[in-house]
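S.K.: Requesting a structural model of the entry that follows:
(one chain, ligands or ions: 2)
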Amino acid sequence: MKGTKTLTIIKPGAISNEYIGPILARVNSAGFHIAAMKLFKFTRTQAENFYAIHRERPFYASLVEFMTSGPVVVAMLEKENAVEDYRKLIGATDPSKAEEGTIRKLYAESIERNAVHGSDSNENAEIECDFFFAKCERFSNFE
Ligand code: ATP
Ligand code: MG
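M.R.: Ligands and ions are numbered 1, 2, ... in the order given. Okay, the predicted model is just below:
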């Protein structure tokens, strides 16, 4: 069965540029239900763990620095086929390669400061949503 949830993070650059509202408007217009949401600030350890898969990459230290530089919005989004559909809506990691109309094309500043995160699999969506949201903080249309 295709999953119905994904985890998004509106990253620090998009927060300081006051793009929370415009990004969430696109999320809703694309048919996603916001089932959980909050402002959150990563500790260094939390950011290092979240991006642990990239530990050996040259951009890792800079990425951790960026993700801890200010608050983020984290949200659990729901829709049929949520992971794949959300990654289509946000566009390529590098905004210069993202399609017109995608969130990263519209709101990203660079490949690092690329506005939003989206889960890359149903399994990771579950893990990421469990990290940020307790059951009593979720208002699901599916569960
Ligand atoms: P995300 O996991 O944030 O949804 P993604 O799955 O499109 O993005 P990943 O390959 O998982 O991309 O990279 C995680 C994040 O690391 C990117 O979103 C971006 O912020 C940063 N990043 C990836 N590649 C580079 C790079 N070459 N230079 C600088 N930062 C990068
Ligand atoms: Mg990723």
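S.K.: so who does the nearest residue to residue 72 once chain neighbours are set aside touch?
M.R.: In space, and not counting its chain neighbours, residue 72 is closest to residue 9: 5.0 Å by C-beta to C-beta, 6 or more residues apart in numbering. All C-beta spots, glycine's among them, are computed from the backbone N, C-alpha and C. Contacts for residue 9 were tallied using C-beta atoms under 8 Å, 6 or more residues apart in numbering; they are 72-75, 116-117.
S.K.: One more pass at 6 Å, please.
M.R.: If you count contacts by C-beta atoms under 6 Å, 6 or more residues apart in numbering, residue 9 has them with 72, 74, 117.
S.K.: now residue 30
M.R.: Per C-beta under 6 Å, 6+ apart, neighbours of residue 30: residue 89.
S.K.: and it, what are its phi and psi?
M.R.: Backbone geometry at residue 30, expressed as degrees, to the nearest 10, gives phi -80, psi 0.
S.K.: Next: the one 4 residues further on.
M.R.: Main-chain dihedrals, residue 34, degrees, to the nearest 10: phi -90, psi 100.
S.K.: From what I see, residue 14 and residue 113 are in contact.
M.R.: No: using C-beta atoms under 6 Å, residue 14 is not in contact with residue 113, being 8.1 Å away.
S.K.: So between those two, which is more surrounded?
M.R.: Using other C-beta atoms under 10 Å, the more surrounded residue of residue 14 and residue 113 is residue 14, with 24 against 18.
S.K.: neighbouring contacts of whichever strand or helix holds that one?
M.R.: For residue 14, the host element (DSSP states H and E) is helix 12-16. With contact meaning C-beta under 6 Å, 6+ apart, helix 12-16 is reached by 69-71, 107, 109, 113, 115.
S.K.: The residues you listed, buried ones only, as a ChimeraX selection?
M.R.: The ChimeraX command for the buried members of the contacts of helix 12-16 (criterion: 16 or more other C-beta atoms under 10 Å) is given here:
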select :69,107,113,115
